[in-house]
Every structure is written in structure tokens, then in C-alpha cells.
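A.B. asks: just to be clear, the model below is a prediction. Sequence and coordinates:
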Amino acid sequence: MIIKVLAENNTVSDEFDTEHGLSLYIETGGKKIMFDTGETDVFVKNARRLGVDLADVDMAVVSHGHCDHGGGLKTFYKENAKAPVYLHPKAMGKYYSEHPEGREYIGLEAADIEDNRVVLTTEHDMIGKNIEIFSNVSGREFVSLSNRNLKMEKDGEIVGDIFEHEQNMIITEDGKTFLFEGCAHKGIVNIIRRYYDLKHAYPDYVFGGFHLQNPSTGISEDAELIRKIGETLKDTGATYYTGHCTGLTPYQQLKTVMGDWLEYLATGRVLEL
């Protein structure tokens, strides 16, 4: 498997552009997959620098209905004329972030989702050979407190987001399993446990953000919570690649606990696993 980081908050060198967002390009089993598109056209610029032809992508998966993961969809449609885009039905809702200066819309725009290639998913779907999507993550253990400023519209009212629009992707290749998630608003530990319920084993590799830092304030989650998350993840025996909404300070705290079981996903990084 080859994974190229097309968009993330930080970079391996000044050669690449960055943004608050996430986009991964994956080659597996003869298929080329986009997992999230970031917020703007940054992923396109970096794809060219990494030798990725987006026109050749076979399918795209959007992890949830926030613009820093699916805002680049309309640009993707211009670059690629064939790939189906797998989206949770509730990712089509209206989502907001509360800031001291006011409320900001952070959902997807109509142009992002009203395309004839959008395929709506259920709580567990096979979308290709050895490629599957799951949602319906339950449990509330080790959930980020910074979720509290994230809202959604329900029945004409603004209420707390319960993140039912999140979905995760599993790829199996050569006897190894790879789990891809976006921001883990439901809690990375709870996502891993849902994976275990489905597979009766833990994944070999996990990729995505853990949402341990509030992007509006820069405030990280409590150090004790981060330590407990690190210990729990280390016990699974998986190797984790994280970044984006995890935050650099929480990443360093997790790294102290997890050691070689944790690495950083920066823009421009290329992994061959």
C-alpha cells in the first residue's frame, strides 16, 4: 500500500502547501482512493508535486460533513470525471462551530454534495474488494471536550453535534488491515472498539486525526485524558499515524506514551506499507 498525504496542517518541507484539513491519497489492490479532500484546492497542488494524477482516482470517501474534510469536493469533481464519492447521508446536514466572535458554518456546500456521483452509505458497506465503510460508533469514553463548540441544525434549531455523520474506512491488503478515520469526533478509542466488534481483532495500522486540540482556541485536551488515550491505543498493538486535529502538543504527549507505535502525518509524507 502507498499513502501520500495531500493536505494536513503541517508539512515535511516548504515545497508543499498546508491548511487546516486532511486529504490522503491511497493506492491499494490496483485501486486509487481519495480519503477526504481538505477544505480548498491545496490537495490538488500537492498531488501534482507528489506525482499523483487525480483524474485516475477510482473512488473517493469523505469521512464526515465538515468543510475541512470535504470542502475540496467541487475541485475534485473538476479534476476527476469518474470516481464515485461515498458520503454518509447525515453529512449532508448543516454544521457549525461556535467561536467567541460568533457562529461559523462549517458544513458542506450544496455544490459539494449535489453531484450525480455521490453514493450514500449505511452503517456498514462494502464499496470494493477488501474495502469497506462503517459508522454507528457508540460509547462515550475519552471523547474530546472541544466537541462542545461544534453544533448542528436539527428541526430548525441549533443543538450540539452528535457526529452521526462520521464514517470510517477499512482496507485489507496482504493479510494486514488499515483503518482510516477523519477527526474521531466520536473518540478514537470508541472507533477502535467499533472496529473490534466488526472484525474481532484490532487493525494493524490506523490513520487520521484524534481531535485533541480546539482549532479555534488552540487549547489542548487535559494531559491526563491524553495519557489514558495513549495507553489504551498502545495496548491494541496497532501502529498509528495521526495529525490535523490531534494538535502538535497532544501529539508529543501521546508520543511520550506510545513511542514507536505513533507517527505524524504531515503534508508531503509518502508511506509504503
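C.D. replies: Done, it's in.
A.B. asks: for the spatially closest residue to D222 that is not a sequence neighbour, give me the pLDDT.
C.D. replies: Counting by C-beta to C-beta, 6 or more residues apart in numbering, L145 is the residue found nearest to D222 once chain neighbours are left out, at 7.7 Å. Quick note: C-beta positions are derived from backbone N, CA and C, even for glycine. Residue-level confidence at L145 comes out at 87, pLDDT.
A.B. asks: in the chain, which helix or strand is least confident?
C.D. replies: Least confident helix or strand, the chain: helix 110-113 with a mean of 83, by mean pLDDT, DSSP states H and E.
A.B. asks: that one: what's the following helix or strand?
C.D. replies: Later in the chain than helix 110-113, the nearest helix or strand by DSSP states H and E is strand 118-120.
A.B. asks: next structured bit after that next one?
C.D. replies: Per DSSP H and E, the first helix or strand lying C-terminal to strand 118-120 is strand 124-128.
A.B. asks: what comes into contact with that following strand?
C.D. replies: 31, 58-59, 61, 86, 119, 121, 132-136, 198 (C-beta atoms under 8 Å, 6 or more residues apart in numbering).
A.B. asks: quick check: buried residues in it?
C.D. replies: 125, 128 (16 or more other C-beta atoms under 10 Å).
A.B. asks: residues in contact with the residue lying closest to G187 once chain neighbours are set aside?
C.D. replies: Once flanking residues are discounted, G187 sits nearest to V143: 4.3 Å by C-beta to C-beta, 6+ apart. For V143, the contacting residues are 185-187, 190, by C-beta under 8 Å, 6+ apart.
A.B. asks: V143 and E109: what is the separation?
C.D. replies: Here the criterion is C-beta to C-beta, to the nearest Å. By it, V143 lies 28 Å from E109.
A.B. asks: what does L150 give?
C.D. replies: 18 Å.
A.B. asks: those two - which one has more neighbours?
C.D. replies: Neighbours per residue, other C-beta atoms under 10 Å: of L150 and E109, the larger number sits with L150, 21 against 13.
A.B. asks: bridging residues for that one?
C.D. replies: Listed by DSSP bridges, the beta-bridge partners for L150 are S97.
A.B. asks: hang on, it packs against H99?
C.D. replies: No - L150 lies out of contact with H99 (C-beta atoms under 8 Å); the separation is 11.0 Å.
A.B. asks: what's the closest non-adjacent residue to S146?
C.D. replies: Of all residues not flanking S146 in the chain, N214 sits nearest, at 3.8 Å (C-beta to C-beta, 6+ apart).
A.B. asks: just want the most central residue of this structure.
C.D. replies: G182 (1.3 Å; C-alpha atoms, centre = their mean).
A.B. asks: my guess is it contacts V61, does it?
C.D. replies: No - in this structure G182 lies outside contact range of V61 using C-beta under 8 Å: 9.3 Å.
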